[in-house]
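[1] Predicted coordinates and the sequence they were generated for:
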Amino acid sequence: MAAALAAICLSPPARAAGAVQDRSSADASRADWLAQATDARSEMIVPPVPRLIHRWNGGVPRVHAADNVIIPPVPQPAVRPLRLASLPDPQVMPATPPAPRPATRPVRHDKASEDLLACLKPAARQLLQRIEREFGAMKIVSTCRPGARIAGSGRISKHATGEAIDFDAGSRKNEVVRWLIANHKTGGVMTYSDMSHVHVDVGHHFVALNAPSGR
């Protein structure tokens with residue numbers, strides 16, 4: 001009761017002083033808020049200043065080491081494709097077919113020649129087949145002669161072992177002999193001065209032309 005009476009009886013100067021104090025506190029709070037706002041504005045991120053970019057020759061993209069800026073390539077003029085009509089005509093070589101070869105017919109011998117060839121060893125028979133593929137059938141003179149020996153030396157003849165052939169080539173003799181000298185390297189070739197047939201065998205390589213037969 002006494003406090004209420006004291007407030008009612010408070011003089012006007014005292015109430016004015018309290019109002020001034022409240023206004024001063026409000027101004028101080030507003031000043032603090034402005035100071036904080038000013039500090040916040042001062043911390044704003046400032047964007048980087050644009051820099052002049054130098055390009056590489058040839059338009060190759062480049063990454064700047066300082067700010068990782070990718071430099072786009074320099075635009076190149078478009079290359080127009082050549083028209084097909086402007087291209088030269090292709091030079092196509094004409095295909096040359098292989099020369100036809102005559103069919104190889106099996107060589108036929110008479111019965112007497114077949115009997116003489118039956119005893120030959122495979123290597124000697126293959127040699128005769130090579131000759132007859134080139135020149136045709138030959139007339140067989142002699143093949144296997146058991147116990148035969150070379151005249152003058154007495155050594156065992158290739159005829160004794162079924163590894164030699166005597167044949168008559170007729171008019172083809174010189175041509176056959178030249179072919180044998182060039183192509184038969186696994187045996188001997190022999191002609192005789194007193195006989196017309198050609199001797200061939202398999203084994204040691206030799207060539208003896210116009211040799212005496214010793215008969």
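    Okay, I see it.
[2] dump the residue contacts of Arg108.
    By CB atoms under 8 Å, 6 or more residues apart in numbering, the contact list for Arg108 reads Ala137. The C-beta positions use only the backbone N, C-alpha and C, and glycine is treated the same way.
[3] Provide the secondary structure category for it.
    Here Arg108 takes the coil state, with states given by DSSP: H, G, I helix; E, B strand; the rest coil.
[4] Give me the distance between it and Met190.
    Distance of Arg108 to Met190, given as CB to CB, to the nearest Å: 26 Å.
[5] swap in Ser113?
    As for Ser113, its distance to Met190 is 20 Å (criterion: CB to CB).
[6] Equivalent analysis for Val202, please.
    Separation of Val202 from Met190 (CB to CB) stands at 13 Å.
[7] So which of those two has more stuff around it?
    Legend: neighbour count by other CB atoms under 10 Å for Val202 and Met190, higher for Val202 (23 against 20).
[8] and that one, how far is that from Ala208?
    Using CB to CB, Val202 is found at 16 Å from Ala208.
[9] Ok, Phe135 next?
    Counting by CB to CB - Phe135 and Ala208 are separated by 21 Å.
[10] Counting neighbours, go ahead and name the busier of the two.
    Taking neighbours as other CB under 10 Å, Phe135 and Ala208 compare with Phe135 leading, 16 against 11.
[11] Quick check: Val141 touching Gly170?
    No: if you go by CB atoms under 8 Å, Val141 and Gly170 don't touch, sitting 11.9 Å apart.
[12] Parallel or antiparallel, list what pairs with the helix or strand hosting Val189.
    In this structure, Val189 sits in strand 188-192 according to DSSP states H and E. Sheet pairing of strand 188-192 (DSSP bridges) gives strand 198-201 (antiparallel), strand 206-211 (parallel).
[13] now the helices for this structure?
    Using DSSP state H, the helices of the chain run over residues 2-8, 12-42, 111-117, 122-135, 173-183.
[14] and the second one, what's its mean pLDDT?
    Think helix 12-42. What helix 12-42 shows for mean pLDDT is 59.
[15] just for this protein, where's the confidence low?
    Scanning the chain for pLDDT under 70 picks out 1-29, 31, 33-70, 81-95, 97-105, 214-215.
[16] go with 80
    1-107, 152, 213-215 (pLDDT under 80).
[17] who are the neighbours in contact with Gly188?
    Lys158, His199, Val200, Asp201, Gly203, His204, His205, Phe206, Val207, Ala208.
[18] if we go to 10 Å?
    158, 163-164, 180, 199-208 (CB atoms under 10 Å, 6 or more residues apart in numbering).
[19] now do Val198
    131, 138, 141, 165-169, 172-173, 176-177, 180, 189-192.
[20] what do you get for Gln129?
    Pro106, Val107, Leu117.
[21] Verify the stated contact: the last one with Arg125.
    Yes: the pair Leu117 and Arg125 qualifies as a contact (CB atoms under 10 Å) at a distance of 6.5 Å.
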